[in-house]
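Enquirer: I'll drop the sequence and a predicted model, then ask my questions.
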Amino acid sequence: MIVQRYLFREVLQAFAAVLAVLLLIYVSNRLVRYLGQAASGYISGDLIAELMLLKLVQNLTILLPLALYLAVLLAMGRMYRDSEVIAMSAAGVGVPRLAHGLAWFAGGFALVTAALSLYVSPKAAELQHLLFEQAKGEARVAGVQPGRFREFGDGERVVYVERIEPDGAGMRNVFVQVRSSSGRQDLLVAERAFPSVQGPEGDRFMVLENGRRYTGAPGDLDFVVTRFERHAVRLEQAAPPGYRKLEATPTTELLRDGGARNAAELQWRLSQPVSVILLVLMAVPMSRTSPRQGRYAKLVTAFALYFVYSNAVGIAQKLVEREDLHPAIGVWPAHLAFAAAALALLLRQSSPGWRLPRLARRGAPA
């Protein structure tokens, strides 16, 4: 028990340090992205902190397994470097016993990760989606900047504004180009304009005042010129009522509704707590180093194994989602292969004389 408490303390200290670094990297990257969207007027700057917090909660299910994996690697790597594991083995506490204790230790993290993945993360995704829509609605003049062209609707509408009022609620000298699939286009020029949200679905419009509309096909001379006092142009169509991203769907609905996409999302959520235990089991043999190698000797190999494992799970999930792989098979072969590799390495390390069985050569006795 004393040895296990010592091991757990070392792992927790490393876990806190690694998680802090991962959070710093993630928050910095996400902050730059949100600041860019706020600078372009796509979202309101007042909601950046809330959006970041909700996005961070969603991604904790990925950061926690990785942080614990690296923590076990670093903690046991230091213990190998200082010959503490050798001393423990001489005292009767070998690698299998350490791995068994770390597996139970990882089980607690797996329960926390399961709660985050199955319940908290979908809630955070739902709130983040609603808040993001609110942030776009509150954005300054629908993301239009003076002196720059801005495209909406996959390039079907292009907006240019010469000047924006100081209060951010109105625009001056506005140019709008609207293209249709038939090749026809409308060119609108107005003295003033302001953004507007209309309709039950919350579509975003730009209302132009005191301007002209030129209608026709490029290259033709028969343009129709129309004067108007007020004219509304839809910039973006809101998501249909009831629209919800798959990551924001509650786990109970995934279980009830079925389907390939729901099965893929459900297996992805279940994969996160499973990966916690498997990564810890893999970290135990991967942390073994000699005193001359140092504690960081196998980090590159450990990172490579992690990326192969996580990408294999992600690819299997996409195959299930596209119905190229039956949900009954799903992501579980990736987990089983990684678990078999971890157990094989543990068995080889705990029994130095043990080797994987080899096929007998032709002509040689088996």
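Expert: Yep, it's here.
Enquirer: Which strand or helix spans the nearest residue to His326 once chain neighbours are set aside?
Expert: Of all residues not flanking His326 in the chain, Val320 sits nearest, at 7.7 Å (C-beta to C-beta, 6 or more residues apart in numbering). C-beta: built from backbone N, CA, C; applies to glycine. Secondary structure from DSSP states H and E places Val320 in helix 299-321.
Enquirer: Okay, buried residues for that helix please.
Expert: 299, 302, 305-306, 309-310, 312-313, 316-317, 319-321 (16 or more other C-beta atoms under 10 Å).
Enquirer: now, among these, which is nearest to Gly101?
Expert: Distance to Gly101 across the buried residues of helix 299-321 (C-beta to C-beta) is lowest for Ala302, with 20.0 Å.
Enquirer: Look up the closest residue to that closest one, ignoring the ones flanking it.
Expert: Spatially, and ignoring its direct neighbours in sequence, Ala302 is nearest to Met286 (4.8 Å; C-beta to C-beta, 6+ apart).
Enquirer: what kind of secondary structure is Asn173 in?
Expert: Secondary structure state of Asn173, per DSSP: H, G, I helix; E, B strand; the rest coil, is strand.
Enquirer: those helices in the stretch 251-366 of the chain, which residues are they?
Expert: 251-257, 260-286, 299-321, 332-350 (DSSP state H, counting those that start in this stretch).
Enquirer: Rebuild these as a markdown table, extending it with distance to Gly36.
Expert: Converted to a markdown table, the helices of the stretch 251-366 of the chain look like this (distance: least, C-beta to C-beta, whole Å):
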| stretch | distance to Gly36 |
| --- | --- |
| helix 251-257 | 33 |
| helix 260-286 | 28 |
| helix 299-321 | 26 |
| helix 332-350 | 35 |
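Enquirer: Quick one: closest of the ones you listed to Val174.
Expert: It is, among the helices of the stretch 251-366 of the chain and with distance given as C-beta to C-beta, helix 260-286, at 41.5 Å.
Enquirer: Now that closest one: average pLDDT?
Expert: What helix 260-286 shows for mean pLDDT is 92.
Enquirer: Equivalent analysis for stretch 54-65, please.
Expert: Across stretch 54-65, pLDDT averages out at 92.
Enquirer: Extract the CA atoms of it and return them as PDB.
Expert: Extracted C-alpha coordinates of stretch 54-65, given in PDB (Å, rounded to 0.1, in the frame of the first residue of the first chain):
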ATOM      1  CA  LEU A  54     -17.800  25.300 -23.200                       C
ATOM      2  CA  LYS A  55     -15.400  24.200 -25.900                       C
ATOM      3  CA  LEU A  56     -12.800  23.200 -23.300                       C
ATOM      4  CA  VAL A  57     -15.400  21.100 -21.400                       C
ATOM      5  CA  GLN A  58     -16.200  19.300 -24.600                       C
ATOM      6  CA  ASN A  59     -12.500  18.400 -25.300                       C
ATOM      7  CA  LEU A  60     -11.600  17.300 -21.800                       C
ATOM      8  CA  THR A  61     -12.600  13.800 -22.800                       C
ATOM      9  CA  ILE A  62      -9.600  13.900 -25.200                       C
ATOM     10  CA  LEU A  63      -7.200  15.800 -23.000                       C
ATOM     11  CA  LEU A  64      -7.700  13.700 -19.800                       C
ATOM     12  CA  PRO A  65      -6.600  10.300 -21.300                       C
END
